[in-house]
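*Asks:* Sequence and predicted structure are below.
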Amino acid sequence: MYRFRDGCRPYSGSFYLRQVLASVDFWTGSDINDFMHGYLNYQIEHHLWPSLSMLSYKRSQPLVKALCKKHGVPYVQENVFKRLKKTVDIMTGASSMRWFPEDYERKFIEKDAIAEAAKKNSTSKKMLSDKCMEAAQE
């Protein structure tokens, strides 16, 4: 898991990359296990799409894993007790989260800015998420 120095535009490429890099899934796949975790064992999928239904997290996980593998993005899945220990270590100061490399972070944010500028200059239809963001900013 990583932490980041700067913010990024919601629903941008950097946003989705950060959701994967800053989240960890617990053991998944068993209906009983998923139910006992309240489907919170799908943290990566939840951070990518917080409004999906619980069963949709389970359905989307293989797609997210395949996409991460295709692009060389680490998809971390750990035992819940191992993750709990790491979380407590971070909270008590025994360890800390790794920083995402600053030069990569800047590069991704710059790519997002270029993509955003291209969208604004384009005459094509706007995505619903962009319309929502514009309405929220007004």
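*Replies:* Structure's in. What do you need?
*Asks:* Run through the protein and note the low-pLDDT ranges.
*Replies:* For the chain, applying pLDDT under 70 flags the ranges 122-129, 131-133, 135-138.
*Asks:* which residue is nearest the centroid of it?
*Replies:* Centroid-nearest residue in the chain, with CA atoms, centre = their mean: Q19, separated by 1.3 Å.
*Asks:* need the longest helix for the protein.
*Replies:* helix 102-121 (DSSP state H).
*Asks:* ok, K69 - how many residues close by?
*Replies:* 11 (other CB atoms under 10 Å). (Glycine included, C-beta is placed from N, CA and C.)
*Asks:* in which helix or strand would I find it?
*Replies:* helix 54-71 (DSSP states H and E).
*Asks:* Tell me which residues of that helix come out buried.
*Replies:* 57-58, 60-61, 64-65, 68 (16 or more other CB atoms under 10 Å).
*Asks:* Of those, which pair is most distant in space?
*Replies:* K58 and C68 (16.6 Å; CB to CB).
*Asks:* just to revisit the earlier point, helix/strand/coil for the residue nearest to the centre of the chain?
*Replies:* Under DSSP: H, G, I helix; E, B strand; the rest coil, the three-state class of Q19 is helix.
*Asks:* coming back round to it: need the buried residues of helix 54-71 in a markdown table with distance to H47, can you?
*Replies:* Compiled in a markdown table, those are given as follows (distance: CB to CB, whole Å):
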| residue | distance to H47 |
| --- | --- |
| Y57 | 10 |
| K58 | 15 |
| S60 | 12 |
| Q61 | 13 |
| V64 | 11 |
| K65 | 15 |
| C68 | 13 |
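*Asks:* So which of those residues is the closest to I44?
*Replies:* V64 (6.3 Å).
*Asks:* Spit out the contact partners of the closest one.
*Replies:* 20, 44-45, 48, 75 (CB atoms under 8 Å, 6 or more residues apart in numbering).
*Asks:* Report the separation between it and A117.
*Replies:* 28 Å (CB to CB, to the nearest Å).
*Asks:* repeat for Y42
*Replies:* 34 Å.
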